[in-house]
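**Q** need coordinates for the below:
(one chain, ligands or ions: 2)
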Amino acid sequence: MRTELNSNFRVDVAELPDERVIFGCTAAMREVQAKIGLLRSSQLPALIQGESGTGKEVVARFLHAHSDRQDAPFVKLNCAAIPANLVEKELFGCAAAPFGSAREGRPGLVETAEGGTIFLDEIGELDWDLQGELVQLLQNGSYLRVGADERRSACVRLICASNVDLQAAVQQSKFREDLLRLISSVHLRLSALRDRKVDIPQLCEYLLQRLARKLNRIAPRISPSTLQLLKQWDWPGNLRELENWIARAIVFGEDANPNTGPKTRLAVTRGFSARDHRNNPMNGASRRPVPMATNHLILKVLQENHWNRRKTAADLNISYRSLLYKLREVGAQLQKKGHRSFPPRH
Ligand SMILES: Nc1ncnc2c1ncn2[C@@H]1O[C@H](COP(=O)(O)OP(=O)(O)OP(=O)(O)O)[C@@H](O)[C@H]1O
Ligand SMILES: [Mg+2]
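**A** Ligands and ions are numbered 1, 2, ... in the order given. You can find the predicted model right below:
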């Protein structure tokens, strides 16, 4: 995800999509927007739920940036991304070792976020004991650094996100009911993209402009007929999938398809296949030099496929010929930088 934080952990509002783009015009998302509007000066914790890629993190940043804490830090911890035994240290820090030992105390993210917001992504992954610590933090505003005897106090607002059903996790004794009650005093449910297809044109326009800038290309136009086709797809990966599709479409132009993987071929690919040039919304976009961002993507997929180019082309949803063309460009760019051969020979 793009950087929206500077070194002081501030959210840069200019980096967030516009409010109209985030919430669109469906009743369900408007309700989320209205709730956030009421929360401006509230310190209440909030729980954001939605399928993967529905924009939970974007909404968390927006919520912080539109609260009275906007000038204080916004700090994120993805509970699923680091091993359970490290989450506690990361969150609460650790105490200095006893006298004579070299280990110094270290603050955790709760301290870093003092006065601001701490965003706990995938909170459903927290282990049971740590969930108990969070209950303490929410109830008494106090926490314990790992290895310390004395509790410290903190003033942070907690925003949590989850793409699993936490109520079901409570039933299965995987999530504490008291914690769920505390974090869900404000409950924001984000719609899947398939339930807000009416917003697709506006989202596409925003993403085209943003990604074209980032990829150093001119934003191509998406024709009304292609928009129609995009509305036929259900976007199981939600906004992230749409974002990836737009990025590929900007870079690979005529060969971009709105499906992410080779296993899910989509009927609408007819609409902008290489053969049907007239329907292609991105005509002309693919002959410009490949920017480095794309080189990384190609390299990553090539490596994942053990340098099998046919499979790589299929995974990138481009034709084999297009991939060879891109590889020649990438190879030339790398050779200029002193690399001997690309792709490597085995
Ligand atoms: N309203 C929006 N308009 C445009 N792009 C968006 C919007 N919301 C999210 N995105 C983009 O979609 C991608 C996914 O968003 P985000 O990371 O917030 O989703 P998430 O729900 O947290 O996903 P996950 O469950 O996988 O963590 C990001 O790259 C983000 O920039
Ligand atoms: Mg997320």
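**Q** now do the contacts for the closest residue to ligand 1 within the chain.
**A** With C-beta to the nearest ligand atom as the measure, G55 is the residue of the chain nearest to ligand 1, at 2.9 Å. No exception for glycine: its C-beta is placed from N, CA and C like everyone else's. Contacts for G55 (C-beta atoms under 8 Å, 6 or more residues apart in numbering) come out as I22, L190, N238, L239.
**Q** can you give me the neighbour number for Q172?
**A** For Q172, the neighbour count with other C-beta atoms under 10 Å is 8.
**Q** what parts of the chain come near ligand 2?
**A** Contact residues, the chain versus ligand 2 (C-beta under 5 Å from the ion): K56, E57, D121.
**Q** any idea how far L182 is from the spatially closest residue to the last one that is not a sequence neighbour?
**A** Yep, that's D121 we're talking about. Closest residue to D121 apart from its sequence neighbours, by C-beta to C-beta, 6 or more residues apart in numbering: N78 at 4.4 Å. Distance, N78 to L182, using C-beta to C-beta, to the nearest Å: 20 Å.
**Q** the more surrounded of those two?
**A** Between N78 and L182, counting by other C-beta under 10 Å, L182 is the more crowded of the two (19 against 15).
**Q** surely the residue nearest to D121 is in contact with E122?
**A** Yes: at 5.9 Å, N78 and E122 qualify as touching, with contact defined as C-beta atoms under 8 Å.
**Q** secondary structure element for the closest residue to ligand 2 within the stretch 1-150 of the chain?
**A** Distances between the stretch 1-150 of the chain and ligand 2 by C-beta to the ion are smallest at E57, namely 4.1 Å. Per DSSP states H and E: E57 is located in helix 56-65.
**Q** likewise for L230?
**A** helix 224-232.
**Q** buried residues in that helix, which are they?
**A** Neighbour counts over helix 224-232 (16 or more other C-beta atoms under 10 Å) mark T226, L229, L230 as buried.
**Q** and stretch 309-318, by the same measure?
**A** In stretch 309-318, counting by 16+ other C-beta under 10 Å, buried: T312, A313, A314, D315, L316, N317, I318.
**Q** ok, stretch 183-199 next?
**A** Applying 16+ other C-beta under 10 Å to stretch 183-199 flags I183, S184, V186, L188, L190, S191, A192, L193, D195, R196, K197, D199 as buried.
**Q** narrow the residues you listed to those in strands?
**A** Cross-referencing the buried residues of stretch 183-199 against strands under DSSP state E gives V186, L188.
**Q** count the neighbours of the residue of the stretch 1-150 of the chain closest to ligand 2 for me.
**A** 18.
**Q** OK, contacts around it?
**A** Shown in contact with E57 (C-beta under 8 Å, 6+ apart): M1, K76, F119, D121, A161.
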